[in-house]
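Q: using only what follows, build the 3D model:
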Amino acid sequence: MASPQLENGYLKISNELAEAFCRSMPNQASQCQVLWAIIRKTYGWQKKEDSISISQIEELTQLSRRSVIYAIQNLEAKKMIHVQRARGRGNVNKPNKISLQKNYSRWVVQEISEQYANNLKKRRERYKKSKEKVVQTNQGSANNGQKVVQTMVKNDELFAPTKKRKTIQKTLPSDFLDLSRRFLEYQQQQLGESLVKISEKKIHGGAETLEKLTRIDGFDLQREIRPALLWAVKDEFWSYQIRSIASLRKKNGSGESKFSNLYAKFKQQNPQKKVDLEW
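A: Next up, the predicted model:
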């Protein structure tokens, strides 16, 4: 049983800084965890900065190494922390010095900063001008004065139009299509036709995701995926989290897919993998 006591140590944070956290905390849980780990390793030891290794933050947050590094990079980009990297010969494995940026007016917690938004707008305008059609007279043509249309293209690496790809639907086994269709029908029955529309495109998209879950992620359709979905649509929490099968392979900040989390919870609550609903 946890029993935290002030006698075992505590953090001193000004009310003004705490209120700034209330307004401007990062919207990703992993970044919040890493930020608090940095505060614990600095303010928790009455320090403004400290040499903090990735493994120390891993131990505190229970996040993967990749998630910790990604979170530090994002917090640094948002100017919520300052990272002084160890440089020079012999400092390859030396941890970086990390400190909290107390001047919260410098924090950039928005998804797109004002400067980035302005640069993006300028690049779009440049691209638009580069694609304007210019009418020139073709002097070398047999018909003198014939007008031709030429397109000027310059520096359009970022916003160059992609080639139109022909949509070719893969032929998928009937088991995948059947499960995708039955899932949508059940969702429509529970939520109503106004919220859930059934179309061949949705059915095929869900079937493609199911096929990838088996072929790439290694799940078994009948023994693992179907029972987990049957359980999820009746679970109070997961029934609202899964409105589309196509979202099952989306990954969170720790790199885990939604279905992996769902299946772990399903196994925890149903060791026998039995459900009382059939489609």
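Q: only C-alpha atoms from now on, for both contacts and neighbour counts.
A: Noted.
Q: how many neighbours does Q28 have?
A: Q28 is flanked by 11 other residues according to other CA atoms under 10 Å.
Q: from R249, how far out is it?
A: Separation of Q28 from R249 (CA to CA, to the nearest Å): 19 Å.
Q: and for K122?
A: As judged by CA to CA, K122 and R249 stand 35 Å apart.
Q: can you pull out the helices in the stretch 1-150 of the chain?
A: 15-24, 29-42, 54-61, 65-77, 114-130 (DSSP state H, counting those that start in this stretch).
Q: was I right about F266 contacting V233?
A: No: with contact defined as CA atoms under 8 Å, F266 does not count as touching V233 (11.5 Å).
Q: find the nearest non-adjacent residue to T214, please.
A: Excluding the flanking residues, the one nearest T214 by CA to CA, 6 or more residues apart in numbering is D220, at 5.8 Å.
Q: just checking, the one you found touches E211?
A: No: in this structure, D220 is not within contact of E211 by CA under 8 Å, at 9.9 Å.
Q: related to what we said a few turns ago, nearest to L262, out of the helices of the stretch 1-150 of the chain?
A: Among the helices of the stretch 1-150 of the chain, the nearest to L262 by CA to CA is helix 29-42 (18.3 Å).
Q: for the record, mean pLDDT for that closest one?
A: Here helix 29-42 scores 92 as its mean pLDDT.
Q: returning to what we had before: from R182, how far off is the residue nearest to T214?
A: Per CA to CA, D220 is found 18 Å from R182.
Q: list the buried residues of stretch 97-106.
A: Neighbour counts over stretch 97-106 (16 or more other CA atoms under 10 Å) mark I98, S99, L100, Q101, K102 as buried.
Q: just the endpoints, please. Distance across that stretch?
A: Start-to-end, stretch 97-106 (CA to CA) is 20 Å.
Q: likewise stretch 239-253?
A: Stretch 239-253 has an end-to-end distance of 22 Å (criterion: CA to CA).
Q: who's in contact with that stretch?
A: Identification of contacts with stretch 239-253 by CA atoms under 8 Å, 6 or more residues apart in numbering yields 28-30, 67, 180, 184, 187, 205-206, 208-210, 213, 232-233, 257-259.
Q: mind giving me the PyMOL command for buried ones among these?
A: To isolate the buried ones among the contacts of stretch 239-253 in PyMOL, judged by 16+ other CA under 10 Å, type:
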select buried, resi 30+67+180+184+187+205+206+208+209+210+213+232+233+257+258+259
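Q: show me the contacts of stretch 239-253 that map onto helices.
A: Judged by DSSP state H, those include 29-30, 67, 180, 184, 187, 205-206, 208-210, 213, 232, 258-259 as members of helices.
Q: least confident of those?
A: Lowest pLDDT of the ones in helices among the contacts of stretch 239-253: Q187, 79.
Q: neighbours of the closest residue to F259 other than its chain neighbours, how many?
A: Nearest non-adjacent residue to F259, counting by CA to CA, 6+ apart: L248, 5.0 Å away. Residues lying near L248 (other CA under 10 Å) number 20.
Q: and what of I39?
A: For I39, the number of neighbouring residues by other CA under 10 Å comes to 23.
Q: ok, it to R215 distance?
A: According to CA to CA, I39 and R215 sit 43 Å apart.
Q: which residues touch the residue nearest to N96 when sequence neighbours are not counted?
A: Excluding the flanking residues, the one nearest N96 by CA to CA, 6+ apart is R85, at 4.7 Å. By CA under 8 Å, 6+ apart, the contact set of R85 is P95, N96, K97.
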